[in-house]
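Engineer: Have a look at this fold, sequence not included:
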């Protein structure tokens, strides 16, 4: 039977970042994932300068790509502004920062890069089929033994199920999106400014859609807190983009769906004896924007710090600081609730929608606070 100091289930940003930090501390780490990387992973996908700092990422080296990468290297699209509006509305609020405030990436490239860089031993294309606890050790698939298990396998992570049971009835974000290479004849897509992603809120403020050009690729999608209304809302969003000549006539067969929990909306445990959950497995997506990349990376770093501090004694009490760190770092509530707190009692959705037409509110609240988290410095774990 194989053994390791820590086994991480899930090779996405949370898992690979945790593995990278643990390997720097000298631990023997295995990352297990059902997928074979590079995998096809859809995501609007942008990372802010603090994330670049947290990952110690060299943008120039990242862009160059690896020998097996497509011509032109990896996508790293500077974002210097945004366009924000309402689905069905007439005008958008354009915000320009005059400098890169974020960078668009493709998850198929980004996740593969981080996983390769982690230095962990990889068991890819290997789903978790069994988890057993035996005398302070975890035995996974009857083939590998470890005292420390990190669940970073997304919303349906098997490690999360092992300590929390089946997914509960807590609300989740459901999303449909598509990402495809832009045809050189597609004038509508080519006209979209890659440095200014476009965000369009649903009129009931229970979700938003996006249209984002990342160099040679276009990503469009819509996420909502209401599963039943998602298909109709997505169809309406596509019709809106088409009518505004943002995209060419679009086939719904390109849609892909996924779900995840927002921080503060799930009661799942994230710490147990010899177990930590990170990223979407812990339900850490930002409640205002639904973004999961920065919370995944920061939770991976915090998980690694906690494991290193525990020094091989992985009792629940010694791992509890991880949960305390998460609570100190994330979450204040969804956009609809955040807007409600800013309005006098009795004001409804229509008044909240008017705020989204005000340039100052869009820049300083919607973008700086909710989407870019500009007030939050990079997480320091050294």
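Structural biologist: In hand now; what should we look at? This structure is a prediction, so every number in the text was calculated from the model and none was measured. Residues are numbered from 1 along each chain as shown.

Engineer: And the residue nearest the centre of the chain?
Structural biologist: residue 292 (2.3 Å; C-alpha atoms, centre = their mean).

Engineer: For it, which non-adjacent residue is closest in space?
Structural biologist: Nearest residue to residue 292, sequence neighbours excluded (C-beta to C-beta, 6 or more residues apart in numbering): residue 285, at 4.1 Å. (Glycine included, C-beta is placed from N, CA and C.)

Engineer: quick one: the residue nearest to the centre of the chain from residue 63, how far?
Structural biologist: Here the criterion is C-beta to C-beta, to the nearest Å. By it, residue 292 lies 23 Å from residue 63.

Engineer: Run through the helices of the chain in chain order.
Structural biologist: 13-24, 49-54, 59-64, 107-117, 158-164, 187-191, 230-243, 293-310, 316-329, 335-342, 349-355, 359-361 (DSSP state H).

Engineer: Point out the most buried one among the ones you listed.
Structural biologist: Mean neighbours per residue, mean count of other C-beta atoms under 10 Å, is largest over those for helix 13-24, with a mean of 27.

Engineer: what is the mean pLDDT for that helix?
Structural biologist: The average pLDDT for helix 13-24 rounds to 98.

Engineer: since we're on residue 274, how many residues are nearby?
Structural biologist: The local packing of residue 274 (other C-beta atoms under 10 Å) involves 20 other residues.

Engineer: what's near enough to touch the nearest residue to it once chain neighbours are set aside?
Structural biologist: Distances taken as C-beta to C-beta, 6+ apart place residue 314 nearest to residue 274, at 4.4 Å, with adjacent residues excluded. Neighbour list for residue 314: 136, 147-148, 273-274, 307 [criterion: C-beta atoms under 8 Å, 6 or more residues apart in numbering].

Engineer: show me what contacts residue 153?
Structural biologist: So residue 153 contacts 9-10, 12, 15, 33-34, 128, 159-160, 281 (C-beta under 8 Å, 6+ apart).

Engineer: Which one of the residues you listed is nearest to residue 240?
Structural biologist: Using C-beta to C-beta, residue 12 comes nearest to residue 240 of those, at 31.0 Å.

Engineer: how much space is there between the closest one and residue 248?
Structural biologist: Taking C-beta to C-beta, one finds residue 12 at 31 Å from residue 248.

Engineer: neighbour count winner among these two?
Structural biologist: Per other C-beta under 10 Å, whichever of residue 12 and residue 248 has more neighbours is residue 12, with 31 against 15.

Engineer: Based on its surroundings, how many neighbours for residue 90?
Structural biologist: There are 8 residues near residue 90, going by other C-beta under 10 Å.

Engineer: Just the local confidence number for it, please.
Structural biologist: Reported pLDDT for residue 90: 82.

Engineer: cool, the one 4 residues further on as well?
Structural biologist: On pLDDT, residue 94 comes in at 96.

Engineer: what's across from the closest residue to it other than its chain neighbours in the sheet?
Structural biologist: Sequence neighbours aside, residue 83 is the residue nearest to residue 94 in space, at 5.2 Å (criterion: C-beta to C-beta, 6+ apart). Beta-bridge pairing for residue 83 (DSSP bridges): residue 94, residue 198.

Engineer: Residue 199 is in contact with residue 83, correct?
Structural biologist: Yes. At 7.2 Å, residue 83 and residue 199 qualify as touching, with contact defined as C-beta atoms under 8 Å.

Engineer: low-scoring stretches of the stretch 251-382 of the chain, by residue?
Structural biologist: 251-253, 264-265, 331-349, 382 (pLDDT under 70).

Engineer: can we see that at 50?
Structural biologist: For the stretch 251-382 of the chain, the stretches flagged by pLDDT under 50 are 333-347.

Engineer: From residue 378, how far off is residue 207?
Structural biologist: Remark: distance between residue 207 and residue 378 (C-beta to C-beta) = 29 Å.

Engineer: follow-up on the earlier one: I'd like the contacts of residue 153 written out as JSON lines, with distance to residue 45 added.
Structural biologist: JSON lines is the format used below for those (distance: C-beta to C-beta, whole Å):
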{"residue": "9", "distance to residue 45": "22"}
{"residue": "10", "distance to residue 45": "17"}
{"residue": "12", "distance to residue 45": "12"}
{"residue": "15", "distance to residue 45": "17"}
{"residue": "33", "distance to residue 45": "19"}
{"residue": "34", "distance to residue 45": "21"}
{"residue": "128", "distance to residue 45": "26"}
{"residue": "159", "distance to residue 45": "25"}
{"residue": "160", "distance to residue 45": "23"}
{"residue": "281", "distance to residue 45": "19"}
